[in-house]
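Visitor: my questions concern the predicted model and sequence given below.
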2 protein chains.
Amino acid sequence: MADSTPESRTVTSADVARLAGVSRATVSFVLNDTKGARVSAATRERVLDAARRLGYVPHAAARSLRAGRSNLVLIPASVSAMGRLASEWIDDLHEALHRRGYVTVLHAGRFGDPAEAARAWAELRPVAVLALDGDRYTAPTADVLARAGVRAQLAFAARPVPGTYTIAFDHRDLGAAAVEHLIASGRTRIGVIMPKERGLAAFAEPRLAGAGEVAARHMATVVPVELAYAHEDAAALARRWAELGLDGVFAYNDEYAALLLHALRGQGIAVPGEVAVVGADDLVLAGLQDPPLTTVRIDMPSAEDIAARLEELVESGSAEPAPRIEVRLVRRGSA
Amino acid sequence: MADSTPESRTVTSADVARLAGVSRATVSFVLNDTKGARVSAATRERVLDAARRLGYVPHAAARSLRAGRSNLVLIPASVSAMGRLASEWIDDLHEALHRRGYVTVLHAGRFGDPAEAARAWAELRPVAVLALDGDRYTAPTADVLARAGVRAQLAFAARPVPGTYTIAFDHRDLGAAAVEHLIASGRTRIGVIMPKERGLAAFAEPRLAGAGEVAARHMATVVPVELAYAHEDAAALARRWAELGLDGVFAYNDEYAALLLHALRGQGIAVPGEVAVVGADDLVLAGLQDPPLTTVRIDMPSAEDIAARLEELVESGSAEPAPRIEVRLVRRGSA
């Protein structure tokens, strides 16, 4: 079947209407399955055939403008800050939402101002927003999104955010679990690695705070220690290690812990003999280290569970409260 | 200033028009900076003030429907398949595009059928699509997107795709570089790790093919070896290692290489003595292994460079051809 449309031209619903010999409204009724619109089976077939022949794809946004609802789920996220744990979880979530008819997009923007961020997300008119990094999610954020028609707002956050379905997850728990273990094993002067990489401060600051709160209840000290995820920086830190006088470290996550472990070994500093090291996330690589990394594991809810709650929120405006996300220490050789 | 809009209601341009005492068309003229529309400075100020007071955010898609152009750049990608190398690059690209007025979203869909994938991307009406995994990008994909008004299509792919600005990158080069090095150092029976993880076959298959092509030119054999990114699977593989009779391995990337290295050591198999191991990506963790990983490094173009080409494609429909992406072996201790 010859196709008369030049390759370079955008195909619109007007083209479909012309080829099918119907009005644009009829094309819209058929392609958007508009309820209550009366279109004969023959006309319907003619429209679908014309759309197929022209390669016409309905515009999700146009459809959402008419239907007052999109199927877009937006996840604000810096890709590099996510790490393997979160990235696999997001792929699972995408699949679970896809089965429910939603399209998931990651919005990679980094914004200094939360209101500016909310406006950028709102412009895409998602039906739902899921913030994994919900501690920067504020009531004004939720308000901007609600006014833009976002039906479901979910945030992993330490504290409930008004207007948002909050899944309780406190990064302070990670620092607290690590430092509790270090103190229980006799360490008193504990470093907390603060990554220099962009986007990670939002996670590192509360981890440091949690570490500090536990230390304050014991006769222990917590010292923030900056580290970039690079060999040279780790080697430089290891060279001035003695000056710091630390006997324990919570290393932000397993990747930074592995890097630090290697640099300390390079300086002949014994782990856990001279300094005990704790990571976080319980990644595969934690078990590959020498000694294997003691780490804090995050018991994430299943992606299926979160997808179901998100759907419930979109459809009914509310959902059962989600259980708090717990963390637990996995003890191996490094601490 | 009291705000009379109930929190729960979506704010539309009609609300702005009512509060400002103007027509919806005037609101649209002002908020979309429509060229040629005559609106007095006072009216303009009244509309902007009303929008601010109501917290109204213009709809990017509605604006793109009117303007015939969105500012959305879509990157199809499974998040977990990307790895650290690609994820940092994408964050850089996002920033470079943001400075140029574009919004970058990652579309996390996994599709068996390329045409179905293209239709899903087209529904969002992006102005540009950038496929890092361009080997599955076909002429029909490009055609669906062009008909949906996508102005710039870029793909990292081994072969030029009609209708698409192709940046030459052949995953076979990775397998070839690894196997050339292994053969030069006297290895003749070479395993190629094929990850069991979803989404990675598209990268693993051409790497295997490149390894096989080099082996075929020498008296060497290439054997595909499946491996899941998990301790148990690696340990099971190491236990039956002797049966395979391999003296060299190209381990897909540095993460799989580190996992395999650890499992082999657990079985008392000497690296590189009994088996030489080559990774890929030259991640930080490559240098942390014992012995440090020999790896194949990918010399990615800068994100700034790709952002500039993308902008050129959107604005003028063409751009200077991009140089081919080269790979090179980084020799360390494991091979």
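Guide: It's in.

Visitor: helix or strand with the lowest mean pLDDT in chain A?
Guide: Least confident helix or strand, chain A: helix A:60-67 with a mean of 55, by mean pLDDT, DSSP states H and E.

Visitor: next SSE after that helix?
Guide: Per DSSP states H and E, helix A:60-67 leads on to strand A:72-76 as the next helix or strand towards the C-terminus.

Visitor: now for that following strand, which elements pack on it?
Guide: In terms of contacts (3 or more CB pairs under 8 Å, 6 or more residues apart in numbering or on different chains; DSSP states H and E), strand A:72-76 is packed against strand A:103-107, helix A:114-123, strand A:128-131. Bear in mind the C-beta positions are built from the backbone N, C-alpha and C, glycine included.

Visitor: buried residues in stretch A:306-320?
Guide: Across stretch A:306-320, burial judged by 16 or more other CB atoms under 10 Å in any protein chain shown covers A:306-311, A:313-314, A:319.

Visitor: wait, does it contact chain B?
Guide: No. Stretch A:306-320 does not reach chain B (CB under 8 Å from any CB of the partner chain); its nearest approach is 8.9 Å.

Visitor: can you list contacts of that stretch?
Guide: Contact with stretch A:306-320 is made by A:73, A:93, A:96-97, A:99-100, A:102, A:127-128, A:130, A:151-154, A:165, A:167, A:322, as judged by CB atoms under 8 Å, 6 or more residues apart in numbering or on different chains.

Visitor: so how far is the lengthiest helix in chain A from its chain's centroid?
Guide: In chain A, with assignment by DSSP state H, the single longest helix is helix A:79-99. Averaged C-alpha coordinates place helix A:79-99 at 7 Å from its chain's average position (CA atoms, centre = their mean, to the nearest Å).

Visitor: can you count the residues close to residue A:232?
Guide: Neighbour count of residue A:232, defined by other CB atoms under 10 Å in any protein chain shown: 9.

Visitor: return the residues of the stretch 101-250 of chain A in contact with chain B.
Guide: Residues of the stretch 101-250 of chain A lying near chain B by CB under 8 Å from any CB: A:103-110, A:119-120, A:122-125, A:143-144, A:146-149, A:163, A:198-199, A:229-231.

Visitor: please pick the buried ones from these.
Guide: If you count burial by 16+ other CB under 10 Å, the buried members of those come out as A:103-109, A:119-120, A:122-125, A:143-144, A:146-149, A:163, A:199, A:229, A:231.

Visitor: which residue comes closest to residue A:190 once chain neighbours are left out?
Guide: Nearest non-adjacent residue to residue A:190, counting by CB to CB, 6 or more residues apart in numbering or on different chains: residue A:248, 4.3 Å away.

Visitor: report the beta-bridge partners for that neighbour.
Guide: Using DSSP bridges, the bridge partners assigned to residue A:248 are residue A:190, residue A:276.

Visitor: residues in contact with residue A:192?
Guide: A:175, A:207-208, A:211-212, A:222-225, A:249-250, A:252.

Visitor: contacting residues for the residue nearest the centre of chain A?
Guide: Nearest to the mean C-alpha position of chain A, by CA atoms, centre = their mean, lies residue A:132 at 4.0 Å. Residue A:132 makes contact with A:75, A:77, A:82, A:86, A:156, according to CB under 8 Å, 6+ apart.

Visitor: that one and chain B, how far apart?
Guide: 12 Å (CB to the nearest CB, to the nearest Å).

Visitor: how close does residue A:49 get to residue B:173?
Guide: Computed as CB to CB, to the nearest Å, the residue A:49 to residue B:173 distance reads 45 Å.

Visitor: between the two, who's got more neighbours?
Guide: When residue A:49 and residue B:173 are compared for neighbours, residue B:173 comes out ahead with 21 against 14, by other CB under 10 Å.

Visitor: now do the SS call for that one.
Guide: Three-state assignment for residue B:173 (DSSP: H, G, I helix; E, B strand; the rest coil): helix.

Visitor: for it, which non-adjacent residue is closest in space?
Guide: Excluding its sequence neighbours, the residue lying closest to residue B:173 (CB to CB, 6+ apart) is residue B:327, at 4.8 Å.

Visitor: and the one you found, how many residues sit next to it?
Guide: Residue B:327 has 22 neighbours, counted by other CB under 10 Å.

Visitor: can you pull the phi and psi angles for it?
Guide: phi -120, psi 160 (degrees, to the nearest 10).

Visitor: burial measure for residue A:83, as a count.
Guide: Per other CB under 10 Å, the neighbour tally for residue A:83 reads 18.

Visitor: check contacts around it.
Guide: By CB under 8 Å, 6+ apart, residue A:83 lies in contact with A:253, A:255, A:281, A:283.

Visitor: and residue A:249, by the same measure?
Guide: Residue A:249 makes contact with A:190-193, A:225, A:257, A:260, A:275-278, according to CB under 8 Å, 6+ apart.

Visitor: follow-up on the earlier one: pLDDT score for the residue nearest to residue A:190?
Guide: Per-residue pLDDT puts residue A:248 at 98.

Visitor: I'd say it and residue A:191 touch.
Guide: Yes. Using CB atoms under 8 Å, residue A:248 is in contact with residue A:191, at 7.2 Å.

Visitor: helix, strand, or coil at residue A:179?
Guide: helix.

Visitor: my read: it touches residue A:191, true?
Guide: No. Counting by CB under 8 Å, residue A:179 does not reach residue A:191; the two are 10.5 Å apart.

Visitor: which residues are in contact with each of the two?
Guide: A:222, A:248, A:250.

Visitor: for these, which one is nearest chain B?
Guide: Using CB to the nearest CB, residue A:250 is the member of those that lies nearest chain B, at 19.0 Å.

Visitor: how about the helices of chain A, start to end?
Guide: Under DSSP H, chain A gives helices at A:13-20, A:24-31, A:41-54, A:60-67, A:79-99, A:114-123, A:139-147, A:172-184, A:201-216, A:231-239, A:241-244, A:254-266, A:303-316.

Visitor: my guess is residue A:173 meets residue A:327, correct?
Guide: Yes. Contact criterion CB under 8 Å: residue A:173 and residue A:327 qualify, at 4.7 Å.

Visitor: any idea which of the helices of chain A scores lowest on pLDDT?
Guide: Among the helices of chain A, helix A:60-67 scores lowest, at a mean of 55.

Visitor: buried residues in the longest helix of chain A?
Guide: Across helix A:79-99, burial judged by 16+ other CB under 10 Å covers A:79-98.

Visitor: got the angle for that helix vs helix B:114-123?
Guide: Using axes from the mean of the first three to the mean of the last three CA atoms, to 10 degrees, the direction of helix A:79-99 lies 110 degrees away from that of helix B:114-123.

Visitor: got the domain ranges for chain A?
Guide: A:13-58, A:72-168+A:301-324, A:172-298 (automatic domain parsing).

Visitor: can you put those in CSV and add distance to residue B:15?
Guide: As requested, these are exported to CSV (distance: least, CB to CB, whole Å):
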stretch, distance to residue B:15
domain A:13-58, 25
domain A:72-168+A:301-324, 9
domain A:172-298, 34
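
Visitor: does residue A:17 touch residue A:29 like I think?
Guide: No. Shown here, residue A:17 and residue A:29 do not form a contact pair, counting by CB under 8 Å, at 11.1 Å.

Visitor: ok so, going back, can you tell me which of the helices and strands packed on strand A:72-76 is nearest to residue B:55?
Guide: Closest approach to residue B:55 among these (CB to CB): helix A:114-123, 9.1 Å.

Visitor: now do that closest one: which elements does it pack against?
Guide: If contacts are counted by 3+ CB pairs under 8 Å, 6+ apart, helix A:114-123 sits against strand A:72-76, helix A:139-147.

Visitor: these: which one's closest to residue A:270?
Guide: Among the helices and strands packed on helix A:114-123, strand A:72-76 sits nearest to residue A:270 (CB to CB), with 42.2 Å.

Visitor: need the residues that contact the closest one.
Guide: Residues contacting strand A:72-76 (CB under 8 Å, 6+ apart): A:60, A:64, A:90, A:97, A:102-107, A:109, A:117, A:121, A:124-133, A:310, B:105, B:124.

Visitor: swap in stretch A:10-28?
Guide: Residues from elsewhere that reach stretch A:10-28, judged by CB under 8 Å, 6+ apart: A:5, A:31, A:34, A:39, A:43, A:46-47, A:49-51, A:53-56, A:58, A:66, B:146-149.
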